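S.K.: what's the 3D shape of this:
(chains A and B)
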Amino acid sequence: MADAPFPRPVVTRFAPSPTGYLHIGGARTALFNWLYARGRGGRFLLRIEDTDRERSTPEATAAILRGLTWLGLDWDGEAVSQFGRRHRHAEVAHDMLARGAAYRCYSSQDEIVAWREAARAEGRSTLFHSPWRDADPATWPDGPFAIRMKAPRGGETIVEDAVQGTVRFDNGQLDDMVVLRSDGTPTYMLAVVVDDRDMGVTHVIRGDDHLNNAARQQMVYDAMGWEVPVWAHIPLIHGPDGKKLSKRHGAVGLEEYQAMGYPAAGMRNYLTRLGWSHGDAEVFTSAQAMSWFDLSGIGRSPARLDFRKLENICGQHMAMAEDAALLQELQAYLAAAGQPALSPQQADVLQRSLYCLKDRAKTFPELIDKARFALATRPIVPDEAAARALDSVSRGILKSLTPQLQGASWTKDALEVILSEAAAANGLGFGKIAAPLRAALAGRTVTPSVYDMMLVIGRDETVARLQDAAA
RNA sequence: GGCCCGUUCGUCUAUCGGUUAGGACACCAGGUUUUCAACCUGGGAAGAGGGGUUCGACUCCCCUACGGGCUGCCA
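M.R.: The predicted structure follows:
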């Protein structure tokens, strides 16, 4: 069932913390936001949540932008720095103070930590109730204070979530969160709300680790009289063992997938399908994904990464790709993987051979491996199995073939006639002479069609390789 | 501890009270073939457990188990 139409242009955002690489789960979150906005003619914004000055680095920001760019997720406008908006956040905090929606809390962190530890030890609730909530201003000491949200004490906060449904929180479970620290810097809880509202974000699509936060954040929206966005909390991605995805599962950074040579289109398709469905659709283009993607198609349970399926999807996208685009992406892969670039000659022969390679490969390393017949130069050194195929009888056949090939018209039909006749003349099936041909042309027993190889490398090279092998 | 979310084949999922519970990946068998891949045909494979509600529950409600998240002057 499709989502109900939204009355205004859709604005979504991806808001990563620049504290490391772009996590594969984060990439999927970004992808969902991108699909939702792009599929509805809306805007997709990027905000870097760099308010944690200790852990945020420009390198991490650069890595995130690189990852998104590789995945093909383009954002509108410049990425917003959350840290750069700290004065605006403080302004809102003071506005809340003025409205009586927040209060000055003079409790020190040490005090609070000690209180919480005691509460935990005694098995009491660890929710901190500041003694300053209703304090008389006359009693305010002359020290630093944090600004705390004056959360409603009774009743409940209801989060209407497009994925999780209606989620109710007893307000007694939510304490007065700090919105502005005693050093004057904003907390995340305040900053997200202010930024989302100022950026005009209409739909907040993010990991469900934020579901509880949504209730708190909603209190800020309410306190400021702002319209609450549409929430969509999506389940996290788990490792193949069903546990939370972590480094011990292997690749968790998006750039590792790029380095492994997965094509971006396949990656997008796989990630889109992970936790979202549109009937039985499995393999689709990004244009299709944009037109189909909706919040109601998102599942509520965490999905596990399955490399086999990733590979299968990638293989299908590789086969669907246009040769020129595929070659370009392959070259980008080589650069990203730190491998030597293709020479112009190699690029040319590779592009001409893609038609017979791309439907047999799932990743770029695999594609390159299968392209060895085209990339290699004489003399072709046969591997062990290929060497066995080049026995004396086979070499004799190869030798007898060369004069005919020299005079042949270089088309598949003509070659087929020559090779079939040669097989018949030797009382062999075609398969029996294909093996030594593969060995001579590629040095391997597993290759594309012998005709395709001959057509790609051309007459002179074919004859030369056969002569090499027959010698 | 408290609160919140989740649980359909091994995996990703369809199903939105009535289906022989469907598809895809993976796996197995056969076919095709010029090796491999691809492709074709067939096969095994699932509603966590227990209570309700209902003429009828995978679907709605409750409990339990298991998994996950939150519980910071981190984001």
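
S.K.: can you count the residues close to A:Leu68?
M.R.: 23 (other Cβ atoms under 10 Å). Bear in mind the C-beta positions are built from the backbone N, C-alpha and C, glycine included.

S.K.: In what element of secondary structure is it found?
M.R.: helix A:58-71 (DSSP states H and E).

S.K.: Quick check: which helices or strands does that helix pack against?
M.R.: Helix A:58-71 sits against helix A:24-38, strand A:43-48, helix A:254-259, helix A:264-273, with contacts defined as 3 or more Cβ pairs under 8 Å, 6 or more residues apart in numbering; DSSP states H and E.

S.K.: Look up how far A:Tyr257 lies from the residue positioned nearest the centre of chain A.
M.R.: The centre of chain A sits closest to A:Ala27, judged by Cα atoms, centre = their mean, with a distance of 3.9 Å. According to Cβ to Cβ, to the nearest Å, A:Ala27 and A:Tyr257 sit 9 Å apart.

S.K.: Kindly report the same for A:Ile433.
M.R.: Relative to A:Tyr257, and taking Cβ to Cβ, A:Ile433 is found at 42 Å.

S.K.: After whichever strand or helix holds A:Tyr451, which helix or strand is next? Please name it.
M.R.: Using DSSP H and E, A:Tyr451 sits within helix A:450-457. Scanning forward in sequence from helix A:450-457 by DSSP H and E, the next helix or strand is helix A:459-470.

S.K.: which stretches of chain A have low pLDDT?
M.R.: By pLDDT under 70, the low-scoring segments of chain A are A:1-2.

S.K.: which residue ranges form the strands in it?
M.R.: Along chain A, counting by DSSP state E, strands occupy A:11-14, A:43-48, A:80-81, A:102-105, A:146-149, A:156-161, A:165-170, A:178-180, A:203-207, A:230-234, A:237-238, A:303-304.

S.K.: Within its sheet, name the partner strands of the fifth one and how each one runs.
M.R.: Yep, that's strand A:146-149 we're talking about. Sheet pairing of strand A:146-149 (DSSP bridges) gives strand A:102-105 (antiparallel), strand A:178-180 (antiparallel).

S.K.: Looking at the ones you listed, which is nearest to RNA strand B?
M.R.: Nearest to RNA strand B among those is strand A:178-180; the distance by Cβ to the nearest atom of the strand comes to 3.5 Å.

S.K.: Can that closest one be said to contact RNA strand B?
M.R.: Yes. Contact of strand A:178-180 with RNA strand B (Cβ under 7 Å from any atom of the strand) involves A:Val178.

S.K.: What lies in contact with that strand?
M.R.: With Cβ atoms under 8 Å, 6 or more residues apart in numbering as the test, strand A:178-180 has contacts from A:89-90, A:92-94, A:96, A:102, A:105, A:146-149, A:186-187, A:189-190, A:220.

S.K.: cool, and stretch A:66-85?
M.R.: Contacts of stretch A:66-85 (Cβ under 8 Å, 6+ apart): A:14-15, A:21-22, A:27, A:30-31, A:34, A:43-51, A:53, A:56, A:61, A:65, A:191, A:194-195, A:198-199, A:253-255, A:258, A:264-265, A:267-268, A:286, A:336.
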